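Chemist: One predicted model, sequence on top.
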Amino acid sequence: MRLSLVVSTHTARFEAVAYKGNFEQDLARVAEWGYEGVELAIRDPRLIDGEQLMTLLQRYGLEVPAIGTGQAWGEEGLSFADPDPDVRSAAVARIQQHLPLAARLGAIVIIGLIRGRTPPGFDRVWAYKQMLTAMRTCASAAQGHSVRLALEPLNRYETDLLNTAEETISFVEEVGLDNVGLCWTRST
């Protein structure tokens, strides 16, 4: 296991990121503190210069075990469970856009807040079905890149979808693809 810290590739309002602002300075700080890797919080991978990213990671001796996708929800409102089918499609497309970079980095893609929450006026069964459809689509695309997707159980204040390990395990089994699993994070 690599000891890693979350670093955003760009400035963000999103609060669930340890470091955001000056990307290279943040990488230097993380490496100086003895971390071996960074979980990259990437809102939109189309904004990343892959060559520059690889150069910086090599310069600071850092690996990328995972890419976090929560900023797409926090900054743009993209969600697998949105009532608007265009927003749901954009959320799926965003995860698919992460796949080439994840493959290049050997990183998993974390599915956390982008799954969304049950919208007002809809029931949880409907939201769950939308999330399941989106996950199957993303996981199928990820197989083509040899990338794993990791679902992160989140607390009830962030979402009403997949709050416990048991619910998340059951959902992973229902997705039914071997490149989907669970993600465990630990706060200190």
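Modeler: Noted; the coordinates are in hand. Numbering: from 1, shown residues only.

Chemist: switch to C-alpha atoms for all contacts and neighbour counts from now on
Modeler: Will do.

Chemist: residues touching the closest residue to Ala72 other than its chain neighbours, list them.
Modeler: Sequence neighbours aside, Arg43 is the residue nearest to Ala72 in space, at 4.8 Å (criterion: C-alpha to C-alpha, 6 or more residues apart in numbering). By C-alpha atoms under 8 Å, 6 or more residues apart in numbering, Arg43 lies in contact with 69-72, 75.

Chemist: just Ala93 next, same as before
Modeler: Listed by C-alpha under 8 Å, 6+ apart, the contact set of Ala93 is empty.

Chemist: any idea how far Ala107 is from Val125?
Modeler: Distance, Ala107 to Val125, using C-alpha to C-alpha, to the nearest Å: 31 Å.

Chemist: same check, this time on Glu32
Modeler: Per C-alpha to C-alpha, Glu32 is found 47 Å from Val125.

Chemist: And the pLDDT at Gln52?
Modeler: Here the pLDDT value assigned to Gln52 is 95.

Chemist: Helices of this structure, start to end?
Modeler: Shown for the chain, the helices assigned by DSSP state H span residues 23-32, 50-59, 70-76, 85-105, 124-143, 165-175.

Chemist: Kindly reformat those as JSON lines containing distance to Glu158.
Modeler: JSON lines is the format used below for these (distance: least, C-alpha to C-alpha, whole Å):
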{"stretch": "helix 23-32", "distance to Glu158": "26"}
{"stretch": "helix 50-59", "distance to Glu158": "30"}
{"stretch": "helix 70-76", "distance to Glu158": "11"}
{"stretch": "helix 85-105", "distance to Glu158": "17"}
{"stretch": "helix 124-143", "distance to Glu158": "15"}
{"stretch": "helix 165-175", "distance to Glu158": "15"}
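
Chemist: Many thanks, we can stop here.
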